[in-house]
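**Q** missing the sequence, but the structure's below:
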Ligand SMILES: [Zn+2]
């Protein structure tokens with residue numbers, strides 16, 4: 001009936017035209033073949049948008065109307081510059097403990113709302129780490145690899161001669177470059193990089209608040225208790241949260257298009273496949289973050 005009406009009133013040409021304008025907004029990452037994702041080298045253009053799938057979200061979760069950018073593998077693996085990307089925005093003073101941090105615009109808008117709500121309840125949420133691209137993560141990784149930065153317990157990783165074991169030791173809390181969710185602009189570290197801090201006093205109040213209220217704003221703890229959540233990979237991190245309305249989509253892209261051979265260009269990368277980094281670590285997350 002609508003077709004007939006369209007044909008009669010506007011003629012066949014305008015009818016087609018009105019239908020072909022739709023996919024510009026509706027184009028979804030699923031329409032990209034994995035091979036296409038792998039070869040694209042451009043960073044995320046600010047004028048491309050895709051819609052988010054509401055059915056991946058629970059009814060009480062907020063979803064942005066659109067996700068900015070083309071969500072390709074180079075972006076997922078941090079090979080871009082957030083300071084030059086139209087989908088990213090600097091985190092304003094007062095929300096972070098330092099200047100110059102960047103987040104995706106959708107993440108930052110949702111965090112601002114959550115931070116305001118927390119403040120009303122006397123809780124201070126402070127971002128201490130946000131987007132880290134491949135080069136930044138490589139710096140962290142190489143300093144740990146060489147022993148310049150000590151691991152937890154003052155361990156010098158360079159003294160672990162077995163390179164696979166050395167990688168796995170670093171990966172208790174740090175991701176290989178290319179495999180970090182901090183590449184995505186959806187993930188943040190809050191207040192303190194210390195599980196103990198979140199277990200009593202002010203830290204416990206922060207943790208309890210965000211566990212109870214964070215979901216309303218789309219934020220979920222990614223690295224939960226491994227035993228309780230039956231997940232693999234990194235140890236529990238009570239400070240690391242993700243903005244699920246965007247990152248659930250990115251997780252699915254990683255699942256479909258990323259493999260261990262993509263991890264290269266840093267010390268120990270040759271062991272990524274043997275370790276099973278993508279399956280065990282990238283996808284070894286709390287189910288609530290993407291389901
Ligand atoms: Zn983190």
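**A** Received it, and whenever you're ready, just let me know what you need. Source: prediction; values computed, not measured.
**Q** Can you work out which other helices and strands pack against the host helix or strand of residue 206?
**A** In this assignment (DSSP states H and E), residue 206 forms part of helix 201-213. The contact analysis (3 or more C-beta pairs under 8 Å, 6 or more residues apart in numbering; DSSP states H and E) places helix 201-213 against helix 105-120, strand 219-221. C-beta coordinates here come from the backbone N, C-alpha and C atoms, glycine included.
**Q** roughly how far is that helix from the heart of the chain?
**A** Going by C-alpha atoms, centre = their mean, to the nearest Å, the spacing between the C-alpha centre of helix 201-213 and its chain's C-alpha centre is 22 Å.
**Q** what do you get for stretch 244-258?
**A** 8 Å.
**Q** Equivalent analysis for stretch 73-93, please.
**A** For stretch 73-93 - counting by C-alpha atoms, centre = their mean - the centre lies 11 Å from the chain centre.
**Q** if we can go back for a sec, kindly compare burial across the helices and strands packed on helix 201-213 and name the winner.
**A** Most buried of the helices and strands packed on helix 201-213, by mean neighbour count (mean count of other C-beta atoms under 10 Å): strand 219-221, with a mean of 25.
**Q** For the residue nearest to residue 276 when sequence neighbours are not counted, report the pLDDT, please.
**A** Excluding its sequence neighbours, the residue lying closest to residue 276 (C-beta to C-beta, 6 or more residues apart in numbering) is residue 260, at 6.8 Å. Residue 260 is assigned 98 on the pLDDT scale.
**Q** Around residue 260, count how many other residues there are.
**A** For residue 260, the count of nearby residues is 20 (other C-beta atoms under 10 Å).
**Q** can you tell me which residues contact it?
**A** If you count contacts by C-beta atoms under 8 Å, 6 or more residues apart in numbering, residue 260 has them with 272-273, 275-278.
**Q** Report pLDDT for the closest residue to residue 186 other than its chain neighbours.
**A** Excluding the flanking residues, the one nearest residue 186 by C-beta to C-beta, 6+ apart is residue 247, at 3.9 Å. Per-residue confidence (pLDDT) for residue 247: 97.
**Q** helix or strand for residue 247, which one?
**A** Going by DSSP H and E, residue 247 is part of helix 244-257.
**Q** now the angle from that helix to helix 105-120?
**A** If you take axes from the mean of the first three to the mean of the last three C-alpha atoms, to 10 degrees, helix 244-257 sits at 140 degrees to helix 105-120.
**Q** Point out the other helices and strands that helix 244-257 packs with.
**A** Checked by 3+ C-beta pairs under 8 Å, 6+ apart, helix 244-257 has helix 34-39, helix 73-76, helix 105-120 packed alongside it.
**Q** For the closest residue to residue 283 other than its chain neighbours, grab the count of nearby residues.
**A** Nearest non-adjacent residue to residue 283, counting by C-beta to C-beta, 6+ apart: residue 255, 6.0 Å away. Applying other C-beta under 10 Å, we find 13 other residues in the vicinity of residue 255.
**Q** so how far is residue 86 from residue 255?
**A** According to C-beta to C-beta, to the nearest Å, residue 255 and residue 86 sit 26 Å apart.
**Q** Ok, residue 119 next?
**A** Using C-beta to C-beta, residue 119 is found at 29 Å from residue 86.
**Q** try residue 271
**A** The value you get for residue 271 to residue 86, if C-beta to C-beta is used, is 36 Å.
**Q** Looking only at neighbour counts, state which of the two leads.
**A** Higher neighbour count among residue 271 and residue 86: residue 271, with 19 against 14, using other C-beta under 10 Å.
**Q** circling back: could you tell me the angle between the helix holding residue 206 and helix 105-120?
**A** 120 degrees.
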